[in-house]
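S.K.: take a look and give me a structure for this.
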Amino acid sequence: MAYYPVFLLSLLVVVATLRGIHAVEYIVTNNAGSSAGGIRFTNEIGIEYSREALTSATDFIWNIFQQNTDADRKDVQQVTLIIENGEGVAFTNLNNNEIHVNANYLGDYSGDVKREFRGVIYHEMAHVWQWFGDQNTPGGLTEGIADFVRLKADLAPSHWVQPGQGDRWDQGYDVTARFLDYCNSLRDGFVAELNKKMRTGYSADFFVELLGKTVDQLWSDYKAQYGN
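M.R.: Predicted coordinates:
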């Protein structure tokens with residue numbers, strides 16, 4: 001029996017090594033109390049599932065963004081998830097890497113709430129790890145990249161627009177995610193490379209540098225491909 005702690009410690013060291021010696025602590029708090037959403041979170045989602053979703057999201061995003069070493073990533077030591085009674089769906093406070101999920105949204109959701117919750121977590125965790133072009137990246141592109149992550153994780157909800165739909169490339173969320181998926185099909189790893197370029201700034205010329213066309217030309221090609 002005395003050997004088990006040593007074995008477990010060795011196993012943890014190996015896991016830490018495989019993960020790049022970058023251990024992120026995940027804290028989950030349910031502040032929604034006895035509200036319908038708070039109770040549904042406790043009964044159908046729970047703290048442990050939430051931690052697993054946060055961990056899996058981080059690993060998935062590091063892979064999608066090609067952030068293979070600590071030098072490629074932000075120095076994030078801790079991410080806190082707070083379930084609370086509020087408005088909307090969720091938001092992330094990047095000053096302290098806090099993800100806030102609205103329990104009322106969870107309580108009212110009529111579909112598979114665990115899958116929807118996981119999709120929301122992947123979107124919000126993308127905000128934690130993505131670069132923002134020194135705050136110059138268009139908001140629509142920022143949200144589009146987060147939804148691109150959700151799309152590639154096969155967590156897109158049924159109400160999203162279909163490929164080719166939308167009015168502008170930087171409309172944001174699902175519209176921009178679909179467009180980025182098209183761009184990524186032209187150059188595998190495009191979104192990862194775009195994100196890397198936005199570490200220190202933003203320019204629409206990034207699209208030309210990576211794909212040889214302006215973003216407006218790419219949007220026109222994308223719309224034409226789907227007959228829109």
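
S.K.: helices of the protein, residue ranges please.
M.R.: Using DSSP state H, the helices of the chain run over 3-18, 36-40, 47-64, 103-108, 113-129, 139-152, 173-186, 190-197, 205-211, 215-225.

S.K.: please identify the buried residues of the last one?
M.R.: It stands for helix 215-225. Using 16 or more other CB atoms under 10 Å as the test for burial, helix 215-225 gives V215, L218, W219, Y222, K223. Where you see a C-beta, it was placed from the backbone N, CA and C, and this is true even at glycine.

S.K.: next up, the contacts around Q77.
M.R.: Residues in contact with Q77, defined by CB atoms under 8 Å, 6 or more residues apart in numbering, are V24, E25.

S.K.: okay, now the nearest residue to N228 once chain neighbours are set aside: neighbour count?
M.R.: Among residues not flanking N228 along the chain, G164 sits closest, at 4.5 Å (CB to CB, 6 or more residues apart in numbering). Number of residues near G164 (other CB atoms under 10 Å) recorded here: 16.

S.K.: ok, G164 touching K223?
M.R.: Yes. Counting by CB atoms under 8 Å, a contact exists between G164 and K223, whose distance comes to 6.2 Å.

S.K.: pretty sure A53 contacts E116?
M.R.: No. Taking contacts as CB under 8 Å, A53 lies outside contact range of E116: 11.4 Å.

S.K.: so who does the residue nearest to N228 touch?
M.R.: Contacts here follow CB under 8 Å, 6+ apart; on that basis G164 touches R178, Y222, K223, Q225, Y226, G227, N228.

S.K.: need the max-distance pair from the residues you listed.
M.R.: Pairwise distances among these were taken by CB to CB; the largest, 14.3 Å, belongs to R178 and G227.

S.K.: out of those two, which sits in the busier spot?
M.R.: Neighbours per residue (other CB under 10 Å) separate R178 from G227, with R178 holding more: 25 against 6.

S.K.: please give me every residue in contact with that one.
M.R.: For R178, the contacting residues are L151, W160, V161, Q162, P163, G164, Q165, G166, by CB under 8 Å, 6+ apart.
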